[in-house]
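Student: here is the input, now give the coordinates:
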Amino acid sequence: MDSVSLTRIAAFSYGFAAIGFVALAVPLLTGWRRRAYGPVLTLACVATALWAAALTAAASDRMLWTDLSDAMEVARNAAWSLFLVVLLGDYHQKGSRLPFGLRPSLFIAAVCYLLALGAAFAGYWDLALLDSVLPVTARVAQAVGGMLLVEQAYRNKTAQERWAIKFVCLAIGGMFAYDFYLYSHAMLFREVDPDIWAARGVVNALTVPLIAVSMRRAKSWSSPLAVSRRAMFHSAALFGSAIYLLAMGSAGYYLRYFGGSWGTVMQVTFLFGALLLLAGILFSGTFRAWLKVFISKHFYSYGYDYREEWMRFTRTLSGGGENLGERAIQAVAALVESPGGVLWQRRESGNFEPLAHWQVPAVDTVEPGDSALCRFLESTQWVIDLGETITEPEKYDGLELPQWLKDYPRGWLVVPLMMGSQLFGFVVLQTARSPIKLNWEVIDLLDIAGSQAASYLAQQEAANALMVARQFESFNRMSTFVVHDLKNLVSQLSLMNANAEKHKDNPEFQADMLETVSLSVQKMRLMLQKLSRIDVQETPAPQALETVVRQAMAGKAAFEPRPQLQVREAGLRVLADRERLERVLGHLIQNAIEATPKTGSVTISLARAGESVQVEIADTGEGMSEDFIRERLFKPFESTKSAGMGIGVFESREYINELGGRLEVSSQPSLGTTFKVILPLYQRDALLERAA
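Tutor: Numbering: from 1, shown residues only. Modelled structure (predicted):
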């Protein structure tokens, strides 16, 4: 057969294949979002149709192949291989010792493809280089890799899944098997057989019905792999950039070829300008928004990747910092590609005030809580399209927009932030960078996003209110302790005043009186300082316990019976705040004195007990019952004294526990009471003693 007849047959053969795959791709292009593996299968069919069309054009020019047809063959094989990998899905095998956990056959297929692609990119794919065995070897390797992928995809499916994919596996395996026969024959005889080459088009066309049958069964295909919107977005941007650069490179070559002496200058200038334009487009927020909307609209059945969107939404709201209002606007605006907005939130007055703004000027307009806008948002919970309120006002029956909202620059949407059935706030968004159709999906997403943002804002508001409440609680608690201390000081001064007429000429009484007044003034000053600085943290320091106890006793010098101190071991130290520890011990000493008649005794002993220090305060007073100790002694605001407040013992136990110690009490009615304050010995002293 002469070459003219052979190329004519090849043209008809590959043309038949091109028509078949175009016919297969058309229904996929119109309904791929409703089919399993739609995008990848469509890509493979389109690539095969283009490959067959390129070979048809080459045969029409009386050539078997061209550089374009070689490139399209690489794309066609890669597309079908990608389809098989997606169809394969779970290709990981537990316990596999091969790289990345691949099965042996899949690993061999991957190696074959890497070798073939390496040869293609190195320029050794051209079949005209038959003096070298590498071009044909690369094509054989790719055919082997494709057959291994077919085997893996079919073998790793269940019986039901094999019923659905067996025809498509047979079709793709047939294409790769025929390529293996063609190129292994060429490797053996060092030339491509024209007849086998010409028949390949018809062979590929015969696979179209098999793929079509599997497409009808596509609903039962399953795979954990999917093409994410992010991958599709970056792939589309990269593919578009490549096409743009190729076009600009061709134009630059044309300018250089026909530009004469100015050709090189024109080419360089043109290419530099083209690169600047490309960078400006890629970094344009409007272009990126348009591309995302285009991909979601034409490549997926739903407009959003809900997993990705919700993760991004939650990350934005959960970000650190105090500007939660701005983050809430940003999170809601990103769902509809809005460039900015303002957030209004209900305040204590019931009105809605602007809380935050994002990428727009600040607004100081307050919206009354009983306005028509707020009543409409709360009753309907609708997302208001400001454009629709003008073009289709009947949709918003009963809504009257305030004048400030009508005049809001580029105003587009009003998104309610609902807490249950109550309007917590609302966000006014600016017009989107790319036109977005407000269908049920977008509105539902904005509704749930508004509720989620409202919950975050309400949680922050509750946390702030709780913090203020805790500050007041701390102040009130400190005030209670200060009032209790003032009561003790007043008792001391009152007793001293009562004895002044009787002992005013006694020098010893005069000295005690001056010391008591001086200590009382000093303590009252410290109390006032603490009330004005309740947020100042105490700094514990090593304290000589004997000195603290003597200071606490000095304030009780005017009382009878006078407490007596017994120090069984000197030099003992504890880690505490001096002022507070003295106040605690003073409370216990004061209670012992008040519970003991003047003829009784109050004894304070200081000793060491192992790794602890023990302060024992014993009196011979009225004593307490076990029921009183168990149920009422440590209960705040419970007191048996007519003027008592019932918080002295409670405060003492709380602070002793805070220091890591404990307060023990033993008592018998009419016999007296003993309080034991047990505190940890200062560790440095204990360590030095052990070392010695």
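Student: need the pLDDT of the residue of the chain most remote from its centre.
Tutor: Of all residues in the chain, residue 505 has its C-alpha farthest from the mean position, at 78.0 Å, by Cα atoms, centre = their mean. Residue 505 carries a pLDDT value of 73.
Student: just say helix, strand or coil for it.
Tutor: coil (DSSP: H, G, I helix; E, B strand; the rest coil).
Student: same question, residue 438
Tutor: Classified using three-state DSSP, residue 438 is coil.
Student: what sits against the closest residue to it other than its chain neighbours?
Tutor: Nearest residue to residue 438 in three dimensions, chain neighbours excluded: residue 385, at 5.8 Å (Cβ to Cβ, 6 or more residues apart in numbering). (Glycine included, C-beta is placed from N, CA and C.) Applying Cβ atoms under 8 Å, 6 or more residues apart in numbering to residue 385 gives the contacts 412-413, 438.
Student: which of those ranks first by neighbour count?
Tutor: Among the contacts of residue 385, the one with the most neighbours (other Cβ atoms under 10 Å) is residue 413, at 27 neighbours.
Student: tell me which helix or strand the residue most central in space within the chain sits in.
Tutor: By Cα atoms, centre = their mean, the mean C-alpha position of the chain lies nearest to residue 315, the distance being 3.1 Å. Here residue 315, judged by DSSP states H and E, is contained in helix 306-318.
Student: which element follows that helix toward the C-terminus?
Tutor: Proceeding N to C from helix 306-318, the next assigned helix or strand is helix 324-335, under DSSP H and E.
Student: quick one: residue 620 and residue 441, what's the gap?
Tutor: 84 Å (Cβ to Cβ, to the nearest Å).
Student: before we move on, what about residue 200?
Tutor: In terms of Cβ to Cβ, residue 200 sits 46 Å off from residue 441.
Student: which one's more surrounded, these two?
Tutor: For residue 200 versus residue 441, neighbours defined as other Cβ under 10 Å are more numerous around residue 200 (20 against 14).
Student: ok, that one touching residue 9?
Tutor: No. Counting by Cβ atoms under 8 Å, residue 200 sits too far from residue 9 to count as a contact (11.4 Å).
Student: of the contacts of residue 385, which is the nearest to residue 170?
Tutor: residue 438 (46.6 Å; Cβ to Cβ).
Student: mind listing what the closest one touches?
Tutor: Neighbours of residue 438 in contact, by Cβ under 8 Å, 6+ apart: 383, 385, 413.
Student: so which of those residues sit within strands?
Tutor: 385, 413 (DSSP state E).
Student: make CSV out of the contacts of residue 438 and add pLDDT.
Tutor: Listed next are those as CSV, based on pLDDT from 0 to 100:
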residue, pLDDT
383, 90
385, 89
413, 93
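Student: about what we covered before: and which of the contacts of residue 385 is nearest to residue 581?
Tutor: Among these, residue 413 lies closest to residue 581 (Cβ to Cβ), at 62.3 Å.
Student: tell me how many other residues crowd the residue nearest to the closest one when sequence neighbours are not counted.
Tutor: Counting by Cβ to Cβ, 6+ apart, residue 429 is the residue found nearest to residue 413 once chain neighbours are left out, at 4.5 Å. Neighbours of residue 429 under the rule other Cβ under 10 Å: 27.
Student: what about residue 429, helix or strand, and which?
Tutor: Applying DSSP H and E, one finds residue 429 within strand 422-430.
Student: list the buried ones in that strand?
Tutor: Buried residues in strand 422-430, defined by neighbour count with 16 or more other Cβ atoms under 10 Å: 423-430.
Student: ok, back up a step: show me what the helix holding residue 315 is packed up against.
Tutor: helix 324-335, helix 440-503 (3 or more Cβ pairs under 8 Å, 6 or more residues apart in numbering; DSSP states H and E).
Student: helices along the stretch 101-250 of the chain, start to end?
Tutor: 104-121, 134-155, 159-189, 194-216, 229-258 (DSSP state H, counting those that start in this stretch).
Student: quick one: low-confidence residue ranges for the stretch 501-650 of the chain.
Tutor: Applying pLDDT under 70 to the stretch 501-650 of the chain picks out residues 501, 504, 527-538, 557-558, 636-647.
Student: picking that back up, adding distance to residue 549 and pLDDT, write the buried residues of strand 422-430 out as TSV.
Tutor: Listed next are the buried residues of strand 422-430 as TSV, based on distance: Cβ to Cβ, whole Å; pLDDT from 0 to 100:
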residue	distance to residue 549	pLDDT
423	62	93
424	57	92
425	59	93
426	64	95
427	64	94
428	68	94
429	69	93
430	71	92
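Student: closest one of the residues you listed to residue 683?
Tutor: Residue 683 lies nearest to residue 424 out of the buried residues of strand 422-430, by Cβ to Cβ, at 52.6 Å.
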